[in-house]
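Asks: need a 3D model of the sequence below.
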Amino acid sequence: MDVHPDAPARVAAYLQSSNARGERIGPFLVGFTPHTASPWLNYAVPVHGASPTPADVAALVGEFERRGLLPRLEYLPATAPDVEPALAAAGFTVEGRPPLLVCAPGDLLAAPAADGVRCELATDRGVLHEVLRMQHEAYEEPAPPTEHDVDRIVGYVERGGLIAVARDTLGGDTTGGTAGGGTAGGTAGAVVGAAQTTRAVGGVAELAAVAVAASHRRRGIAAAVSAFVTAAAHDRGADLVWLEAAGPAEQRVYERVGYHRVGEKLYLSRR
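Replies: Numbers count the residues shown, from 1 in each chain. From the prediction side, this is the model:
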């Protein structure tokens with residue numbers, strides 16, 4: 001039996017709404033983020049059932065290249081099956097097909113508490129800067145976060161997004177992934193894990209940016225902080241929280257706290 005059979009269509013509508021204030025190029029909605037060339041923050045989404053022409057694709061590529069950005073899309077292929085072949089013909093290649101998982105309030109399971117770790121929501125600018133530093137190190141970003149990055153995450157919270165942090169309450173070693181400026185020996189209360197959910201749109205929110213400091217992995221922190229922020233999103237009106245898992249190991253983490261696979265997402269780019 002399908003779990004949440006309407007979930008793919010709801011997630012697709014959410015993705016389209018996220019780019020709705022961006023530019024419309026043919027059957028594509030394009031969201032551009034100022035002050036960053038990150039491909040994760042600059043991409044297009046096709047409208048439901050899109051069937052782009054070669055001219056549509058050329059116009060899309062041209063706008064990305066005019067801005068010095070990588071032409072890129074993220075979307076649910078089941079909701080617009082004609083898009084992938086049209087883009088492939090124009091030189092786009094598949095970056096990945098991550099599984100799409102969803103969690104409704106009745107699905108969520110309590111994650112076992114991680115020893116010596118406390119989860120809480122973060123709103124303070126200084127703490128949010130700590131979160132970004134930890135995420136950049138966990139994801140091996142080549143540069144530390146800028147003030148524009150901090151401004152963006154502060155705005156994210158001000159617009160209703162939720163940032164959950166996992167703090168090391170024992171002061172263990174955070175070397176190799178600390179966000180709190182800790183040295184060998186650690187700093188009690190250092191941010192060692194984080195996850196975030198967007199503001200709900202149409203009852204749908206996204207779980208993203210789950211990261212754990214290298215020194216604190218394999219302790220159940222990713223599951224704990226993901227379950228914590230998912231529950232907070234449910235409490236604030238999201239009756240469906242979705243995510244894309246990076247791989248099978250990550251998928252199992254989310255399934256342990258109640259997420260269910262309902263399809264796949266597709267990343268395409270033209271390099």
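Asks: CA only for contacts and neighbour counts going forward, please
Replies: Will do.
Asks: does R167 have beta-bridge partners, and which?
Replies: For R167, the beta-bridge partners under DSSP bridges are R118, V191.
Asks: just the helices in the stretch 51-200 of the chain please.
Replies: Taking DSSP state H, counting those that start in this stretch as the test, the helices found in the stretch 51-200 of the chain are 54-66, 83-89, 125-138, 147-158.
Asks: same for the longest one, what does it pack against?
Replies: So that's helix 125-138. When contacts are defined as 3 or more Cα pairs under 8 Å, 6 or more residues apart in numbering; DSSP states H and E, helix 125-138 sits against helix 147-158, strand 190-197, strand 204-212.
Asks: name the element R261 belongs to?
Replies: Counting by DSSP states H and E, the secondary-structure element that holds R261 is strand 260-264.
Asks: show me which positions of that strand end up buried.
Replies: Along strand 260-264, the positions that meet the burial threshold by neighbour count (16 or more other Cα atoms under 10 Å) are 260-264.
Asks: contacts only, for A194.
Replies: If you count contacts by Cα atoms under 8 Å, 6 or more residues apart in numbering, A194 has them with 131, 135, 163-166, 209-212, 222, 225.
Asks: what sits closest to it if chain neighbours are left out?
Replies: Nearest non-adjacent residue to A194, counting by Cα to Cα, 6 or more residues apart in numbering: V165, 4.3 Å away.
Asks: quick revisit: from the buried residues of strand 260-264, pick the one nearest E74.
Replies: Within the buried residues of strand 260-264, the smallest distance to E74 is 10.8 Å, found for E264 (Cα to Cα).
Asks: and the pLDDT for that closest one?
Replies: At E264, the model reports a pLDDT of 96.
Asks: what do you get for G171?
Replies: Confidence score, pLDDT, at G171: 74.
Asks: surely it and G189 touch.
Replies: Yes. Using Cα atoms under 8 Å, G171 is in contact with G189, at 6.7 Å.
Asks: low-scoring stretches of the stretch 51-200 of the chain, by residue?
Replies: 172-188 (pLDDT under 70).
Asks: which stretch of helix or strand covers A223?
Replies: The secondary structure element spanning A223 is helix 221-235 (assigned by DSSP H and E).
Asks: following that helix, which helix or strand comes up?
Replies: Tracing the chain past helix 221-235, the next element assigned as helix or strand by DSSP H and E is strand 240-244.
Asks: just the residues contacting whatever helix or strand comes next after that next one, thanks.
Replies: Moving toward the C-terminus from strand 240-244, the first helix or strand encountered (DSSP H and E) is helix 248-256. Applying Cα under 8 Å, 6+ apart, the external contacts of helix 248-256 come out as 99, 109, 111, 222-223, 226, 245.
Asks: export these as CSV, with columns for distance to A44 and neighbour count.
Replies: Conversion of the contacts of helix 248-256 to CSV gives the following (distance: Cα to Cα, whole Å; neighbours: other Cα atoms under 10 Å):
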residue, distance to A44, neighbour count
P99, 19, 19
L109, 34, 16
A111, 35, 20
A222, 29, 25
A223, 30, 23
S226, 27, 29
A245, 20, 21
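Asks: determine which two of the residues you listed are furthest apart.
Replies: Within those (distances taken as Cα to Cα), the two that end up farthest apart are P99 and A111, at 21.1 Å.
Asks: could the helices of the stretch 51-200 of the chain be laid out in JSON lines, adding mean neighbour count and distance to V11?
Replies: Compiled in JSON lines, the helices of the stretch 51-200 of the chain are given as follows (neighbours: other Cα atoms under 10 Å; distance: least, Cα to Cα, whole Å):
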{"stretch": "helix 54-66", "mean neighbour count": "15", "distance to V11": "23"}
{"stretch": "helix 83-89", "mean neighbour count": "17", "distance to V11": "17"}
{"stretch": "helix 125-138", "mean neighbour count": "21", "distance to V11": "25"}
{"stretch": "helix 147-158", "mean neighbour count": "16", "distance to V11": "19"}
